[in-house]
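K.L.:
Got a predicted structure here, sequence first:
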Amino acid sequence: MKNKACKVCKAKFTPIRPLQAVCSPICAYEHALQLKLKKDKAETKKLKESLLTHSDYLKMAQTVVNSFIRLRDEKKGCITCGTDLRGRKFDAGHFFSTGAYPNIRFNLDNIHGQCVPCNQHKHGNHTEYFIRLPKRIGLDRFNKLLEIRHQQTKYSIDELKELIKEFKLKIKNYDNNQ
Ligand SMILES: [Zn+2]
Ligand SMILES: [Zn+2]
């Protein structure tokens, strides 16, 4: 039989059996341990997932959506004061708050890059936000946002998982030069 590399120690060896993956009993033992560890990890992950609540998924989804907003807006300046956001820590600020308008908490027209002073110290700098948001997204989309802000949308856990996946992909494929 042809030589192959041991799965554990990477040494070249001549297999005795066709599917032999390791060179020696010691490596076979190590290999079995590694497989078990892998299986345990997969089971732990499953268990962890089964313990996550709806609100955990909401938080995870908001985190990933906000990461996308930071990527999208890092070159645009703070939505409410225009401060350059490049190279500094900044927030994803909601125009309509997530607490009062949970149905548009992931709406990309409702969230924009905002400097920390505006978002955290001026509580979102709402008056400026109201003046500047229509200029950023256009009056049509602004009106649309007003229109849909009270619609009831409840995300199921499966929908949230889908949303998380979708935004992770969006982040991964984001063209930073646009
Ligand atoms: Zn080996
Ligand atoms: Zn600002």
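P.N.:
Great, that's in hand. Ligands and ions are numbered 1, 2, ... in the order given.

K.L.:
element containing the residue most central in space within the chain, please.
P.N.:
Centroid check for the chain by C-alpha atoms, centre = their mean gives Val64 as the closest residue, at 2.7 Å. When elements are defined using DSSP states H and E, Val64 is found to belong to helix 54-73.

K.L.:
Likewise for Lys46?
P.N.:
Here Lys46 is covered by helix 25-51, with elements defined by DSSP H and E.

K.L.:
same question, Asp140
P.N.:
Asp140 belongs to helix 139-148 when elements are defined using DSSP H and E.

K.L.:
and the helix holding Val64, what does it pack onto?
P.N.:
Counting contacts by 3 or more C-beta pairs under 8 Å, 6 or more residues apart in numbering; DSSP states H and E, helix 54-73 is packed against strand 90-94, strand 111-115, helix 157-172. The way it works is simple: take the backbone N, C-alpha and C, and place the C-beta from them, glycine included.

K.L.:
follow-up on the earlier one: buried ones in the helix holding Lys46, by neighbour count?
P.N.:
Buried residues in helix 25-51, counting neighbours by 16 or more other C-beta atoms under 10 Å, are found at 27-28, 30-31.

K.L.:
Out of those, the closest to ligand 1 would be?
P.N.:
Closest approach between those and ligand 1, by C-beta to the ion: Cys27, at 3.3 Å.

K.L.:
residue contacts, the closest one?
P.N.:
Residues counted as contacts of Cys27 (C-beta atoms under 8 Å, 6 or more residues apart in numbering) are 6-9.

K.L.:
Which two among these are spaced furthest apart?
P.N.:
Taking C-beta to C-beta, the two most distant members of those are Lys7 and Cys9; they sit 8.4 Å apart.

K.L.:
How is the protein divided into domains?
P.N.:
What automatic domain parsing lists as the domains of the chain is 4-51, 54-177.

K.L.:
pretty sure Arg72 is in contact with Asp109, am I right?
P.N.:
No - with contact defined as C-beta atoms under 8 Å, Arg72 does not count as touching Asp109 (11.4 Å).

K.L.:
What score does Gln178 have for pLDDT?
P.N.:
Per-residue confidence at Gln178 stands at 60 (pLDDT).

K.L.:
Same question for Thr153.
P.N.:
For Thr153, the pLDDT comes out at 78.

K.L.:
quick one on the thing from earlier: just confirm the residue nearest to the centre of the chain contacts Leu169, I think it does.
P.N.:
No - with contact defined as C-beta under 8 Å, Val64 does not count as touching Leu169 (10.2 Å).

K.L.:
With that, I have no additional questions.
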